[in-house]
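Undergrad: How does the following fold in three dimensions:
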Amino acid sequence: MIEIVKFPDKLLKKQSLCVDTINSEVLSIIDKLTFVLDFYNHCVGIAAVQIGHLVRIVAVDVSKTKNKNHGRLIMINPVVIEKSTDEIVTKEGCLSVPDYLGYVARPKKITVEYVDLNGKRQVLEAKRFEAVVIQHEVDHLDGILFLDKIVSSNQLIKRL
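TA: Residues are numbered from 1 along each chain as shown. Below is the predicted model of the structure:
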């Protein structure tokens, strides 16, 4: 079992470091991220910091949803380079904040630049739920939780 770093752990508020080289350590982190995606049925994204590694790597997979998407994505050093002005409000949850859900407004469409497993620069346009998940995970790399983005406390829902 891979332990998930949970709020209020201070690690979740730190800036993750860029990955310079795709080496065995990076590949091991990616293996752990994909394990977490597969282990938790409701998990659609996970950032390396959530499993205790302060590096800029995320794994996203919204392929179990009905929305059009790109399947499983491993993103190294992801940066959102463009955001639409249209927003979508969704109910977000997080393995690092297991007891709560909250409504968050985010851009409906984004363009993200990242490095893939082969070390190649990729640029991807994501929409709707996939865009939300990518933004949520990239926020983790910058020490931002969905709790920081909810507009008011009445938008925070305690899970039963």
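
Undergrad: only C-alpha atoms for contact and neighbour calcs from this point on.
TA: Fine.

Undergrad: how close does the residue positioned nearest the centre of the chain get to Ser24?
TA: Centroid-nearest residue in the chain, with CA atoms, centre = their mean: Glu137, separated by 1.7 Å. Glu137 sits 22 Å away from Ser24, going by CA to CA, to the nearest Å.

Undergrad: Report the buried residues of the biggest helix by length in the chain.
TA: Identified as the longest helix of the chain according to DSSP state H is helix 24-39. By neighbour count on 16 or more other CA atoms under 10 Å, the buried set for helix 24-39 is Val26, Ile29, Ile30, Lys32, Leu33, Thr34, Val36, Leu37.

Undergrad: If we only consider those residues, which is nearest to Gly93?
TA: Top of the list for closeness to Gly93, among the buried residues of helix 24-39 and by CA to CA, is Leu37 at 14.2 Å.

Undergrad: Is there a neighbour count for the nearest residue to that closest one once chain neighbours are set aside? I'd like the number.
TA: Using CA to CA, 6 or more residues apart in numbering and skipping residues adjacent in sequence, the residue nearest Leu37 is Cys43, 5.5 Å away. For Cys43, the number of neighbouring residues by other CA atoms under 10 Å comes to 16.
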